[in-house]
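Undergrad: Attaching a predicted model along with its sequence, questions to come.
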Amino acid sequence: MGNDPNSIEDFFGLKQDSSSETKPDDLGDKERIKHILRRRVGWSDKLRLLPKVLSKRERYWILAFLLIITGSIIAIPFTTYSHFTTPIASYGGSFSEGIVGQPRHINPLLSQSNDPDRDLVSLIYSGLLKHNEAGQLVPDLAKSYEISSDGLNYTFYLKDNILWHDGEKFTADDVIYTIQTAQNADYGSPQRVNWQGVTVTKIDNTKVMFKLNNKYAQFLNNLTLGILPKHIWSTVQPINFASTDYDLKPIGSGPYMFDKFQKNDLGQIQSYQLSANNGFYDGQPYIDTITFKFYDSEESMITAYNSNDIQNLSFVSPENLNKLKFKQRVHIAELKVPRYFAVFFNQSQNPILANKNVRLALNYATDKQAIIDTIVSGKGTAIYSPLIENVLDVGQDIPKYVFDLNQAKTVLAADGWTADSSGLLQKGSGKNITRLTIHITTSTLPDLVQTANILKDQWRQAGVEVIVDALATPQLQQVIKDRAYQSLLFGEILDLDPDPFSFWDSSQTQKLGLNLALYSNNIVDGLLADARQSLNPLDRAKKYDDFQKIVISDVPAVFLYNPLYLYPRAADIQGVATTIIATPADRFANIDKWYINTKRIWR
């Protein structure tokens, strides 16, 4: 058939037997066209008349096939290009992020107590060291450092390619000025406590030495402090240090630089825009512009997101996750943070709590997972140690008082507690009856009040009567200062390289100390003191492991849970590698490597 010139006619069903040939004038329109097709041999004429021969359905089928063939031919170079190339980060793009609160002092020496300030400081300023995306301390303005054998001298070698945002060169003079200003009480820096007993000396323009009066293993944590430019700040008098224009229009050395801000009619900053520092010493950031917008509450920030006014939210609490619309537009980063909540027992305020068996039973009676599921919608982890064993790099092989209501009842029964007609426990008889009643003091913050009431219900199942005292912040602060509580439901924050001395050493039990359980153990005191001076990480970890096991055995608290930090960011932001943070500002740990735009390169 391939040699038959009339094969195309067979395809269309037009070929007829010659004996049945009919004259054109005797045919209808359709038959006349067929007759012409049989008579003419030109392909152009046949193709021109083809649509009139085919049915409507046949014409659509052929058109579809032609489109498929044409599309396939066109797609070949594109699919080839895609197959042999790979996307990489490219410059450009921007995003906006909502923050609860107001910036007041975008100054590393004054920003410690205000999250919006800390967020902006982390982007505009740099320290000698920084936490990377894995929570490890790595060089930043410094290229390297050395520690003397006695652990008292720290020599830092500075990078020599660093410029301030105004083009001036960064030198050792800036480091000296910043540390000495922090140490000077006239400037009112909260950082002052971290620099007592430290002398800083300039060796040359790219080398400084810190001399410590006493060894302190966690000293390197202090070196994440942002450095101020001396040529800007040295002319500012102490009385004006917290009110100068540079507090809101800073000049730093970090990956982003101040661009502009807008205020409302009340003088409050509504938005704050940063632009990429193209001369950044670690390479130009990929994203061009970041705009922060400020809100009075988490609810108003969520409303702004749902109205498409912002793309990122600095934080969202678990109970508000369901309020976010367009969830496909954001990625909810779940970041580990060294923070935990616990009930700390003050044995001096309630003799019942001086009984270790009671404290042990309360641990067994606590269903931590139920608290986590209710309070943080499952976005947290139960903890059994003051060193947050699931976050910090310490020993994991520790005793755990897991929820076991029967065990709690057994411990209390063995200790002589019996139930009255209502099921509540008591000891003694007549006038010497002691009821098992405990007060839990906490903040009026909804999450803490709800947690206290969950504990009240759980411990009631073991026969323990609980009274919740929820206090406003000023009252609570005074109660904590006076140690006037039986048990305290509260949170504590550690560093990624922890120093639990302030929370558990017996010297910290008095008014201004942070030892909320008023815990005292001579062996623990010795371990904490030794660990602070050990520069050997393995030796320090061993001491902390011993410390946590002794504390767990003494049962001075019920350790509850470690919440995750939830950071909703735009789904098109890539290159984010942060998994653990010391402070909320650390979510920007590798901000200079974030990107939105991409380009393709040959593999």
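TA: That came through fine. Numbers count the residues shown, from 1 in each chain.
Undergrad: Going along the chain, name the helices of the stretch 201-350 of the chain.
TA: Assigned by DSSP state H, counting those that start in this stretch, the helices in the stretch 201-350 of the chain fall at 230-233, 298-306.
Undergrad: Including distance to residue 502 and mean pLDDT, could these go into TSV?
TA: Placement of C-beta: from N, CA and C, glycine included. Converted to TSV, the helices of the stretch 201-350 of the chain look like this (distance: least, CB to CB, whole Å; pLDDT from 0 to 100):
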stretch	distance to residue 502	mean pLDDT
helix 230-233	30	97
helix 298-306	29	97
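Undergrad: Quickly compare those helices and say which is most buried.
TA: helix 230-233 (a mean of 19; mean count of other CB atoms under 10 Å).
Undergrad: Against which helices or strands is that helix packed?
TA: With contacts defined as 3 or more CB pairs under 8 Å, 6 or more residues apart in numbering; DSSP states H and E, helix 230-233 has these neighbours: helix 172-183.
Undergrad: Of all the residues in the helix it packs on, which ones are buried?
TA: With burial defined by 16 or more other CB atoms under 10 Å, the residues of helix 172-183 counted as buried are 172, 173, 174, 175, 176, 177, 178, 179, 181, 182, 183.
Undergrad: what pLDDT does the fifth one get?
TA: The pLDDT attached to residue 176 in the predicted structure is 98.
Undergrad: Help me confirm that residue 296 comes into contact with residue 99.
TA: No. Judged on CB atoms under 8 Å, residue 296 makes no contact with residue 99 at a distance of 11.0 Å.
Undergrad: okay, the two: which has more neighbours?
TA: residue 99 (22 against 11; other CB atoms under 10 Å).
Undergrad: starting at the chain centroid, how far to stretch 318-337?
TA: On the basis of CA atoms, centre = their mean, to the nearest Å, stretch 318-337 sits 12 Å off its chain's mean C-alpha point.
Undergrad: What separates the first and last residues of it, distance-wise?
TA: Counting by CA to CA, to the nearest Å, you get 15 Å between the two ends of stretch 318-337.
Undergrad: Would you mind listing the buried residues in that stretch?
TA: Neighbour counts over stretch 318-337 (16+ other CB under 10 Å) mark 318, 319, 320, 324, 330, 331, 332, 333, 335, 336, 337 as buried.
Undergrad: same deal with stretch 220-239?
TA: 220-233, 236.
Undergrad: cool, stretch 353-363 as well?
TA: So, applying 16+ other CB under 10 Å, buried residues of stretch 353-363: 353, 355, 358, 359, 360, 361, 362, 363.
Undergrad: What are the boundaries of the strands in the stretch 401-550 of the chain?
TA: Taking DSSP state E, counting those that start in this stretch to define them, one finds strands in the stretch 401-550 of the chain at 418-419, 425-427, 434-435, 437-443, 465-471, 487-493.
Undergrad: Turn those into CSV, columns for distance to residue 253.
TA: Below are the strands of the stretch 401-550 of the chain laid out as CSV (distance: least, CB to CB, whole Å):
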stretch, distance to residue 253
strand 418-419, 67
strand 425-427, 62
strand 434-435, 63
strand 437-443, 39
strand 465-471, 44
strand 487-493, 27
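Undergrad: and the ones you listed as TSV, adding mean neighbour count, mean pLDDT and distance to residue 505?
TA: Formatted as TSV, the strands of the stretch 401-550 of the chain follow (neighbours: other CB atoms under 10 Å; pLDDT from 0 to 100; distance: least, CB to CB, whole Å):
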stretch	mean neighbour count	mean pLDDT	distance to residue 505
strand 418-419	14	94	39
strand 425-427	19	94	34
strand 434-435	14	94	32
strand 437-443	21	97	23
strand 465-471	16	97	26
strand 487-493	20	95	14
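Undergrad: What count of nearby residues applies to residue 292?
TA: There are 23 residues near residue 292, going by other CB under 10 Å.
Undergrad: residue contacts, it?
TA: Residue 292 makes contacts with 96, 97, 98, 99, 116, 119, 120, 271, 272, 273, 274, as judged by CB atoms under 8 Å, 6 or more residues apart in numbering.
Undergrad: Narrow those residues to those in strands?
TA: Under the assignment DSSP state E, the contacts of residue 292 contribute 96, 97, 98, 99, 271, 272, 273, 274 to strands.
Undergrad: which of the residues you listed sit farthest apart?
TA: The span of the ones in strands among the contacts of residue 292, defined through CB to CB, is set by 98 and 274 at 14.8 Å.
Undergrad: about what we covered before: show me which of the contacts of residue 292 is closest to residue 398.
TA: residue 119 (34.7 Å).
Undergrad: Which members of the buried residues of stretch 353-363 occur in helices, if any?
TA: Applying DSSP state H to those, the entries found in helices are 358, 359, 360, 361, 362, 363.
Undergrad: Dump the helices of the stretch 201-350 of the chain to TSV, plus distance to residue 141.
TA: Shown next, in TSV, are the helices of the stretch 201-350 of the chain (distance: least, CB to CB, whole Å):
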stretch	distance to residue 141
helix 230-233	14
helix 298-306	33
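Undergrad: Could you pull out the strands in the stretch 151-300 of the chain for me?
TA: Remark: strands assigned in the stretch 151-300 of the chain by DSSP E, counting those that start in this stretch are 153-158, 198-204, 207-212, 256-263, 269-276, 289-295.
Undergrad: Can you lay out those as CSV showing distance to residue 458 and mean pLDDT?
TA: As requested, the strands of the stretch 151-300 of the chain are arranged in CSV below (distance: least, CB to CB, whole Å; pLDDT from 0 to 100):
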stretch, distance to residue 458, mean pLDDT
strand 153-158, 48, 98
strand 198-204, 47, 97
strand 207-212, 47, 98
strand 256-263, 47, 97
strand 269-276, 44, 97
strand 289-295, 36, 98
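Undergrad: Next, format those strands as TSV and append distance to residue 563.
TA: TSV is the format used below for those (distance: least, CB to CB, whole Å):
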stretch	distance to residue 563
strand 153-158	34
strand 198-204	34
strand 207-212	35
strand 256-263	28
strand 269-276	28
strand 289-295	21
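Undergrad: closest one to residue 443 among these?
TA: Proximity to residue 443, assessed across the strands of the stretch 151-300 of the chain by CB to CB, is greatest for strand 289-295 (21.9 Å).
Undergrad: Paired strands for that closest one, with orientation please.
TA: Its sheet considered, strand 289-295 pairs with strand 94-100 (parallel), strand 269-276 (antiparallel) by DSSP bridges.
Undergrad: hang on, the earlier thing: and residue 192, which of the helices of the stretch 201-350 of the chain is closest to it?
TA: Across those, closest to residue 192 is helix 230-233 (CB to CB), at 16.1 Å.
Undergrad: May I see the buried residues of the longest helix seen in the chain?
TA: Looking across the chain with DSSP H, the single longest helix is helix 56-83. For helix 56-83, burial by neighbour count (16+ other CB under 10 Å) applies to no residue.
Undergrad: Kindly report the same for stretch 84-102.
TA: So for stretch 84-102, counting by 16+ other CB under 10 Å, buried means 93, 95, 96, 97, 98, 99, 100.
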